[in-house]
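S.K.: With the input below, show me the fold.
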Amino acid sequence: MAVPTDLRYSETHEWVKVDGNIATIGITDHAQDELGDVALVTLPKPGDALVFDDSFGEIESIKAVSDLYSPVSGSVIEVNDELVDAPELVNNDPYGKGWLIKVELSNLAELDNLLNATKYDAFLEDL
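M.R.: Modelled structure (predicted):
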């Protein structure tokens, strides 16, 4: 799957789509492919505060349990509740229906720490 050009990426394989001061966050196609079949996603609750680069949840697959790291700081405003009953959405549509959380950003400057699609592609090639 091609890396969408309208998103920003962390080196821990989370993606961010920004709309004003709201960020939608998910994991990349590369990350879901490495994990294998996702069985469980543990996410924060609306109102929880996130800190850039801190763990905000876990994703469990048949292969491993991995921490999710926040690519931004802010307050969780929405959680993808569909993942409770259908965690496979992360595998089937990582950049769409498999999104994880929405966050009201508290520091827009942190977006400068993230990679654009070209740099993320180059980062993947170096792995």
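S.K.: Per-residue confidence at residue 46, what does it come out as?
M.R.: The model reports residue 46 with a pLDDT of 98.
S.K.: Just read off the phi/psi values of the nearest residue to it once chain neighbours are set aside.
M.R.: What sits nearest to residue 46 in space, not counting adjacent residues and going by Cβ to Cβ, 6 or more residues apart in numbering, is residue 76, at 5.3 Å. (Each C-beta comes from the backbone N, C-alpha and C, glycine too.) Main-chain dihedrals, residue 76, degrees, to the nearest 10: phi -70, psi 130.
S.K.: And residue 74, by the same measure?
M.R.: The phi/psi pair for residue 74 (degrees, to the nearest 10) is phi 160, psi -170.
S.K.: Near it, how many other residues are there?
M.R.: Neighbourhood size, residue 74 [other Cβ atoms under 10 Å]: 24.
S.K.: Quick check: residue 83 touching residue 90?
M.R.: Yes. Using Cβ atoms under 8 Å, residue 83 is in contact with residue 90, at 6.8 Å.
S.K.: So for those two, which sits in the more crowded spot?
M.R.: Using other Cβ under 10 Å as the criterion, residue 83 and residue 90 rank with residue 90 on top: 25 against 22.
S.K.: Would you agree that one falls within a strand?
M.R.: No. Read with DSSP: H, G, I helix; E, B strand; the rest coil, residue 90 is helix and lies in no strand.
S.K.: Spatially, what comes nearest to it if we skip its sequence neighbours?
M.R.: Spatial nearest neighbour of residue 90, excluding adjacent residues (Cβ to Cβ, 6+ apart): residue 98 at 4.1 Å.
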